[in-house]
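1. quick one, structure for this:
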Amino acid sequence: MNRYTEILKEELIPAFGCTEPIALAYAAAKATQVLGHIPERIICSCSGNIVKNAKSVVVPGTDGLKGIEISVVLGAIAGDPDKELEVLNGIEKNKVAEAKKLAEEGMCQIKLVPNVANLYIKIQSFYEDECAAVTLKDGHLNIIELHKNNDLLYKKDSNSEEEDDDIEIFRFKNIYNYANNVNIEEVKLILDKQIEYNLNIAKEGLENDYGARVGKTIYSKSPNDINEIAKAYAAAGSDARMSGCELPVVINSGSGNQGISVSLPIIIYASSLNSPKEELYRALALGNLIAIYLKRGIGKLSAYCGVSCAAAASAAGIAYLYKEPLNVIEATVSNSLATISGMICDGAKPSCASKIAIAFDSAMLGYELAKGSNNFKGGDGIVKDDIDSTIRSISKMAKDGMKETDNEILNIMLE
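-> Residues are numbered from 1 along each chain as shown. Prediction:
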């Protein structure tokens, strides 16, 4: 029980902008802090998945600028590392113009690093004859090394053992029991922030023109259908976020799109059903933890689109609001994953909103099937006899089986 509460507090944190460019800005800001000077030049070494997810998304507060260079340079000259994933929140516009000029002049050199963790960033910042280096691995804020000149200032022990322990405690039935029994006061503050922040960015996406306007398009076609409204809110939040909206979101598994996808449909359904606030909290606790469970075995970045997991988890939360028994909630997730697993992640960009919409459709079909006991059975493709085994098979397929897919996606994006 306590570890699940800790995991929710660790994972459900605010982020200002897409988490990969923001992680780059955070590492660069931290390097400046260690260096003690605004750097004269920067070397940014990162994994292919960082390149993939930072290449095509707008950095918030930059009037539409995209890419690794502007993320790193802006973080280095103006970011506040103490704000963590809100490192660029409140940046002055004159600093954006300065960063753009410095980036265009070649202040930041980018190096693609092979054979490292999918989430890997190393920033080396130079001023005269001094150098500071910051290395992140496996988490958007997970600094594993700090150097200044030739001195190692900090080194973090590997967190793989802790991650393995977490995987062992994740079981679907345990999460369900936690949602039923947790003292809501322990998680109320973080869930209130998730409700507030994610609703705000969804409304912004519905009221204004961001990206391909996926959410607005869905809403305009069916403004009175609760299922379409829930889908529209989730897509609209992504529309805004992928196109530079200057509002924070509460993330899940290191991803704002996943935080949006899992939470907003549950929030919208709870409002439509006039569910008591406590039931909303419990449904959100369930949905968030299932999404984290699904992504824990895959990793934060991969070729597997994470909103497939988040949408399935959201449908589980909606089933919980309808007071469905555990077996129906389990089948909802299994049916959804059996259908949509394999949708690729080709980076953060406006089309993520349409992927959220498709994933949510699949998840709610999974729920409708589960209500009628029309479920996919063990042996149907990657589906196993129980939900935990199905989740492990999904994790193996996504983490190991799609490695070559990930390489080809990156090659195509960099052509």
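2. from memory Asp66 sits against Val57, does it?
-> Not Asp; residue 66 is Lys. Yes: using Cβ atoms under 8 Å, Lys66 is in contact with Val57, at 6.4 Å. For glycine as for every other residue, the C-beta is placed from the backbone atoms N, C-alpha and C.
3. neighbour count winner among these two?
-> The residue with more neighbours, out of Lys66 and Val57, is Val57; 25 against 18, by other Cβ atoms under 10 Å.
4. just checking, that one touches Ala353?
-> No: contact criterion Cβ under 8 Å: Val57 and Ala353 do not qualify, at 11.9 Å.
5. what's the overlap in contacts for those two?
-> Met242 (Cβ atoms under 8 Å, 6 or more residues apart in numbering).
6. domain-wise, how is this structure divided?
-> The chain resolves into domains spanning 18-159, 170-414 when parsed by automatic domain parsing.
7. poorly predicted segments of the stretch 301-415 of the chain, please.
-> Of all residues in the stretch 301-415 of the chain, none has pLDDT under 70.
8. and with 90 instead?
-> Residues of the stretch 301-415 of the chain that meet the criterion pLDDT under 90 lie in 301-303, 305, 340-342, 345-349, 379-382, 398-415.
9. show me the contacts for the residue nearest to the spatial centre of the chain.
-> The residue lying closest to the centre of the chain (Cα atoms, centre = their mean) is Ser255, at 0.8 Å. Each residue near Ser255 by Cβ under 8 Å, 6+ apart is listed here: 19, 300, 306, 310.
10. nearest spatial neighbour of the third one, skipping sequence neighbours?
-> By the measure of Cβ to Cβ, 6 or more residues apart in numbering, the closest residue to Gly306 outside its immediate chain neighbours is Gln258, 4.8 Å from it.
11. can you redo the domains of the chain as JSON lines with distance to Tyr4?
-> As requested, those are exported to JSON lines (distance: least, Cβ to Cβ, whole Å):
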{"stretch": "domain 18-159", "distance to Tyr4": "18"}
{"stretch": "domain 170-414", "distance to Tyr4": "5"}
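12. ok, which of these comes nearest Glu6?
-> domain 170-414 (9.9 Å; Cβ to Cβ).
13. which ones are touching Pro60?
-> 16-17, 88, 244-246.
14. least confident secondary structure element in this protein?
-> helix 160-169 (a mean of 57; mean pLDDT, DSSP states H and E).
15. can you give me the buried ones in whatever helix or strand comes next after that one?
-> Proceeding N to C from helix 160-169, the next assigned helix or strand is helix 172-181, under DSSP states H and E. Residues 172, 174-176, 178-179 are the ones in helix 172-181 that count as buried (16 or more other Cβ atoms under 10 Å).
16. check stretch 212-227 too.
-> 212-219, 227.
17. do stretch 318-329 as well
-> 318-321, 324, 328-329.
18. for stretch 62-70, same thing?
-> 62, 65-70.
19. then stretch 96-107?
-> 96, 98-100, 102-103, 107.
20. which ones among these map onto helices?
-> Under the assignment DSSP state H, the buried residues of stretch 96-107 contribute 96, 98-100, 102-103 to helices.
21. which one of those residues is nearest to Gln194?
-> Once Cβ to Cβ is applied, the member of those that ends up nearest Gln194 is Val96, at 28.6 Å.
22. go ahead and confirm the closest one touches Leu74.
-> Yes: between Val96 and Leu74 a contact is recorded at 6.6 Å, counting by Cβ under 8 Å.
23. joint contacts of those two?
-> Counting by Cβ under 8 Å, 6+ apart, the common neighbours of Val96 and Leu74 are Thr62.
24. what's around the nearest residue to Phe126 once chain neighbours are set aside, how many residues?
-> Closest residue to Phe126 apart from its sequence neighbours, by Cβ to Cβ, 6+ apart: Arg41 at 5.0 Å. Arg41: 15 surrounding residues under other Cβ under 10 Å.
25. flag the shaky bits of the stretch 101-250 of the chain, pLDDT-wise.
-> Checking the stretch 101-250 of the chain against pLDDT under 90 turns up 112, 114-115, 118, 139, 150, 156-169, 222-223, 244, 246.
26. re the thing from before, most widely separated two among the buried residues of stretch 62-70?
-> Of all pairs drawn from the buried residues of stretch 62-70, the greatest distance, 12.9 Å, lies between Thr62 and Ile68 (Cβ to Cβ).
27. can I get the buried residues of stretch 318-329 in JSON lines with secondary structure and distance to Ser272?
-> What follows is these, written out as JSON lines (DSSP: H, G, I helix; E, B strand; the rest coil; distance: Cβ to Cβ, whole Å):
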{"residue": "Ile318", "secondary structure": "helix", "distance to Ser272": "10"}
{"residue": "Ala319", "secondary structure": "helix", "distance to Ser272": "15"}
{"residue": "Tyr320", "secondary structure": "helix", "distance to Ser272": "15"}
{"residue": "Leu321", "secondary structure": "helix", "distance to Ser272": "9"}
{"residue": "Glu324", "secondary structure": "coil", "distance to Ser272": "16"}
{"residue": "Val328", "secondary structure": "helix", "distance to Ser272": "19"}
{"residue": "Ile329", "secondary structure": "helix", "distance to Ser272": "19"}
